Every structure is written in C-alpha cells, then in structure tokens.
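> Let's see this in three dimensions:
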Amino acid sequence: MTIGDGLAKVTTTTPTQYDFQINAAATFWDGSPVTAQDAVFSLKRAAAPDAGGYYTASFDRVSSIKTTGAKTFRITLKKPDYWLLSELSATPGEVLKQAYVQSKGDRFGTVNGGTMCSGPFKLDSWKTGQGVKLVPNTGYWDTSQPKPRLTSLTIIGAADDATLTAGIKTGSISGGYPMALSTLGQLKNDPAVNVYQGAPFATASMVVSATKGPLADPKIRKALSYAIDRQGIINTVFKGAANLPHAIAPPGTWGYAKDTFTKAYSELPEMTQDLAKAKELATQANAAGQTITLGTSSGIPTVQTETLAVKAAAEAIGLKVKLNNVSPANFINFFTDPKAYGSVDMFPTMNYPDYADPAALYRTFALPSGTQNFNRWSNADVTRYLDAARGESDPAKRAEDVVAAQKIITEQLTWIPLAAPNTVLIMNKAVTGAPATFQYMFGPWAVHLGGTGK
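As a prediction, this is how the structure comes out:
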C-alpha cells in the first residue's frame with residue numbers, strides 16, 4: 001500500500017502542480033498506446049459531478065487536468081492536496097481507452113459493453129452468473145512485473161459460505177478474500193487449505209444515519225457503544241479473525257508515520273463491553289423508552305448477526321428497537337438512496353479506505369462533503385484538522401492532524417465501530433502467490449499467482 005511509478009511517473013513541480021509522464025511502452029489490451037489524452041479523459045470522467053461517479057469529491061481541489069504532450073499531462077490544483085496522488089493510485093486513477101468508452105456508450109462497463117484497460121490480465125468473457133474470465137495480456141508493457149503464470153483467472157461470486165468452503169476444499173475455487181466466513185475454523189483445519197491473516201484494513205461498523213432522535217445524541221451513541229458485546233461479534237461473525245477496535249480506522253491503514261498512529265491508537269481505550277457504564281450514561285441521557293430503527297437484511301448472515309447484537313445492546317439500555325429488514329439485493333440502497341438511509345437510524349457496514357491513510361476513510365463520513373456522511377454530521381475542529389492534513393506536505397505533521405481528528409471522531413462515535421477484522425486470505429494448497437494484505441483491491445497482484453505442484 002505504498003505509491004510508486006506505474007502506468008505513469010509523477011513530478012511535483014510546485015505544491016499545486018503535478019506533471020505526469022505516461023510510460024512510453026504502455027499499451028491497452030488491444031495493443032494501442034496509452035496516451036495522455038486517455039488519462040485526461042478518464043480522470044475528468046471520474047471527477048465529473050454529472051457522471052454519477054463515487055469519487056467526485058476527490059477532485060474538488062483540482063483546477064484543471066490538461067495534456068501537455070502525447071504522453072504527458074498536468075494536474076493544476078486550487079490549493080495543495082496531498083491526498084490526491086494516493087487517490088490516483090487507486091480506483092479514481094484507473095485509465096480507460098477513451099475511444100472504447102465512447103464507442104460503447106451506455107453499454108460500457110456492463111456485461112454487454114466490457115472495458116478496455118492496460119493491466120497484465122485482459123477481459124476474455126463476462127457472463128451473468130458465471131463470473132468474469134480474465135486471460136494474460138501477452139503484450140503487457142510493464143517489464144518490472146513478472147509475466148502472468150496463469151492461463152486464465154475467473155472472478156466469481158459464491159452464493160453462500162457452504163458453496164465457497166466446498167469449492168476451496170475441492171480446488172474448484174482456488175482462493176478468496178472473505179471478510180467474514182462462518183467456516184473459517186473448518187478451513188484452518190483442512191490439510192488441503194491454507195489460511196493466512198494480515199493486518200486489519202477494513203472496519204466493521206454501524207453507520208449512523210440518524211439526523212434526529214436518540215442516535216443523533218452522542219451521549220446515547222456512547223451508551224449504546226458501551227453496551228455492545230463486541231467480543232461476541234468477533235467470535236460469532238469473524239470466528240476470532242478480528243480485533244477489538246480502539247477507533248474506526250484500524251492499524252493496517254497506517255501507511256506512513258506509523259509511530260504517530262500507533263501511539264494515538266493505543267491511547268484511545270479498547271472498546272470493551274461495560275453494561276453498568278452503558279446504563280448509567282443511558283439514564284443520564286433519558287434514553288429509556290425512545291425508539292430507534294436499524295437497517296438490516298436477514299438474507300445476509302453477517303449483517304443480521306451484527307444487527308441483532310446491536311439490537312440486544314440497545315434494549316439493554318432501555319431503547320426500543322425496530323428492524324427495517326430488506327432483501328440482500330436492496331441492502332445496498334442504504335448506501336445510495338436518501339429515502340433508504342433516511343428511513344433508518346443506523347445500519348451495519350464493512351468499509352475500507354482506498355489507500356493506506358486513516359483520513360481516506362474519515363473523509364468519507366466526517367467531512368460535510370463526505371460521500372458517506374448520511375446524517376449530515378459536522379464538527380468544525382474535525383473539518384479543520386482534516387483540511388490541514390490534506391494540505392500538509394510533511395507526513396509526520398499530516399499524521400498529527402489526522403489523529404487529532406480521529407480522537408474527536410472516536411469520542412463522538414460518528415460511526416460506531418464493532419470490530420477490526422483481519423485481512424483473511426484462503427487458498428487451496430495447489431495455489432500460491434496472493435498477498436495477505438488489502439493490496440489485493442488495488443494492485444496487479446494476480447501476476448504472482450501460480451501453482452504449487454501439490
């Protein structure tokens with residue numbers, strides 16, 4: 001989760017100017033060269049408010065994105081932004097072939113339209129219910145990476161834990177990165193399977209969407225937090241492959257200034273259950289008899305288990321609880337539809353930042369412009385600290401600003417953390433090469449996949 005040269009090399013001319021040089025050898029899957037115009041088109045597409053993208057706010061300090069040559073382009077900023085390069089190393093920085101995108105129109109990015117990128121694997125087929133099949137890009141330009149060892153790689157969804165488990169055990173599924181797997185203990189004991197655990201990068205939390213009522217009160221949020229049996233959630237949902245949180249952003253997100261983040265995290269108390277304290281705070285806040293509504297889906301076992309644990313905690317401090325139970329297909333609406341998240345006070349999430357900085361997660365829900373700020377929460381000091389971090393060139397000072405914001409966010413329980421899950425990798429022993437870190441979401445790691453001969 002560090003940044004280096006890839007499709008492009010960047011030069012920082014001034015604090016408000018980034019100059020990019022596309023690798024001279026870079027080509028798309030069809031053999032055509034990756035140009036600066038393709039990069040500019042892709043970044044503008046990601047930044048455009050009317051394009052419906054998720055990352056518009058990542059570009060809100062950008063003044064212009066312009067080509068300066070066939071293989072060079074420049075980003076000019078309104079003011080310094082030391083988050084932007086990290087964003088560009090992840091999803092918002094994906095470069096697509098402009099002509100391909102435009103030729104596909106509304107079909108682009110769908111089963112019928114596909115995509116055109118420049119990585120070591122290329123799209124072979126995409127069939128509903130059968131997954132996405134990738135094959136090696138034999139013309140891959142990046143000689144710093146090994147050539148893919150696989151003849152093909154298919155990404156599929158497993159309908160349930162039993163399907164995934166059976167597939168891993170038999171080898172019909174080579175591996176995966178489950179965030180919560182009920183059969184983890186069984187797989188650990190299977191001689192045909194390897195299970196690895198890396199640093200926690202994602203967070204299991206309750207998203208607070210209430211703009212009024214009991215959960216709009218930080219005192220009641222704190223009472224509820226003390227009442228939650230987090231160790232029970234860790235044992236039941238994550239089968240022990242998680243940690244009691246101190247804050248929402250866990251240790252795997254510390255990509256710089258690790259001493260600063262380690263000290264600040266350890267100084268925040270571990271979130272253990274304390275029912276006596278919870279009831280005391282609830283009494284002070286007059287919580288008894290008030291009603292909250294939790295979003296859930298009984299069709300998603302982890303979501304249902306976490307929701308029921310929070311329901312039990314809420315009832316233990318005198319709150320009344322209603323459940324808004326939706327289908328698995330509709331659970332995503334709590335993150336995308338104002339009517340859906342406005343109909344509940346809180347709902348579970350498994351969330352993660354796009355790069356190794358706690359601020360990459362906090363910015364999404366603790367800033368007024370955050371893409372996940374569903375309850376319109378704001379705090380002038382948090383905004384000031386995060387804005388300062390974004391414009392701070394010195395990593396140590398940037399981390400100090402982030403941890404100052406983190407302290408307030410944690411005290412206010414803007415979201416309520418439930419657990420810090422480890423990054424779990426499971427592989428049939430016939431396969432090796434995948435990383436046991438969250439880098440699997442962002443880097444060309446699949447070039448390292450291969451067989452063990454077992």
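> okay, now Pro269: neighbour count?
Pro269 has 9 neighbours, counted by other Cβ atoms under 10 Å. Any C-beta I mention is one placed from the backbone N, CA and C, and that applies to glycine too.
> domain parsing for the chain?
8-104, 119-194+428-451, 203-421 (automatic domain parsing).
> what's downstream of the longest helix along the chain, the next helix or strand?
The residue-count maximum for a helix in the chain (DSSP state H) belongs to helix 395-412. Counting by DSSP states H and E, the next helix or strand C-terminal to helix 395-412 is strand 415-421.
> tilt between that following strand and helix 395-412?
120 degrees (axes from the mean of the first three to the mean of the last three Cα atoms, to 10 degrees).
> In the sheet, which strands lie alongside the next helix or strand along the chain from strand 415-421, parallel or antiparallel?
The first helix or strand that comes after strand 415-421 along the chain, using DSSP H and E, is strand 423-428. Under the criterion DSSP bridges, strand 423-428 sits next to strand 175-176 (antiparallel), strand 193-198 (antiparallel) in its sheet.
> Off-centre distance for strand 423-428?
The chain centroid and the centroid of strand 423-428 are separated by 18 Å, computed with Cα atoms, centre = their mean, to the nearest Å.
> Ok, stretch 283-299 next?
With Cα atoms, centre = their mean as the basis, stretch 283-299 stands 27 Å off its chain's centre.
> go on, stretch 19-30?
A distance of 27 Å separates the centroid of the chain from that of stretch 19-30, by Cα atoms, centre = their mean.
> likewise stretch 99-118?
Its chain's average C-alpha position is 24 Å from that of stretch 99-118, according to Cα atoms, centre = their mean.
> likewise stretch 428-436?
The answer for stretch 428-436 is 22 Å, by Cα atoms, centre = their mean.
> Residues touching the helix or strand of the chain with the lowest mean pLDDT, excluding its own?
Scoring the helices and strands of the chain by mean pLDDT, DSSP states H and E places strand 450-451 at the bottom, with a mean of 90. Applying Cβ atoms under 8 Å, 6 or more residues apart in numbering, the set of residues contacting strand 450-451 from outside is 149-150, 430-433.
> Kindly recompute the last result at 10 Å.
The contact list for strand 450-451 (Cβ atoms under 10 Å, 6 or more residues apart in numbering) reads 146, 148-150, 174, 430-434.
> Mind listing the strands that strand pairs with, and their directions?
Its sheet considered, strand 450-451 pairs with strand 431-432 (antiparallel) by DSSP bridges.
> Tell me, how many residues neighbour the closest residue to Lys322 other than its chain neighbours?
In space, and not counting its chain neighbours, Lys322 is closest to Thr293: 4.5 Å by Cβ to Cβ, 6 or more residues apart in numbering. The tally of other residues near Thr293 (other Cβ under 10 Å) stands at 19.
> part of a helix, is Thr293?
No: judged by DSSP: H, G, I helix; E, B strand; the rest coil, Thr293 forms no part of a helix; its state is strand.
> Tell me the confidence at it?
In this model, Thr293 is scored at 98, pLDDT.
> Just list the residues touching it, thanks.
Per Cβ under 10 Å, 6+ apart, neighbours of Thr293: 209-210, 213, 215, 320-324, 343-347.
> before we move on, what about Lys71?
Taking Cβ under 10 Å, 6+ apart, we find Lys71 in contact with 8, 20-24, 26, 33-37, 39.
> Same question for Pro328.
Counted by Cβ under 10 Å, 6+ apart, Pro328 has contacts 297-300, 303.
> again with Leu281
Taking Cβ under 10 Å, 6+ apart, we find Leu281 in contact with 219-227, 274, 287, 317.
> now those: which count as buried?
Among those, those scoring as buried are 220-227, 287, 317 (criterion: 16 or more other Cβ atoms under 10 Å).
> quick one on the thing from earlier: I'd like to know which of the contacts of Leu281 is nearest to Ser63.
Relative to Ser63, the closest of those is Arg221; by Cβ to Cβ it sits at 38.8 Å.
> Leaving out chain neighbours, which residue sits closest to that closest one?
Using Cβ to Cβ, 6+ apart, the nearest residue to Arg221 is Leu413, at 4.3 Å.
> go on, Ser393?
Leaving aside its chain neighbours, Ser393 sits nearest to Tyr82 (6.1 Å; criterion: Cβ to Cβ, 6+ apart).
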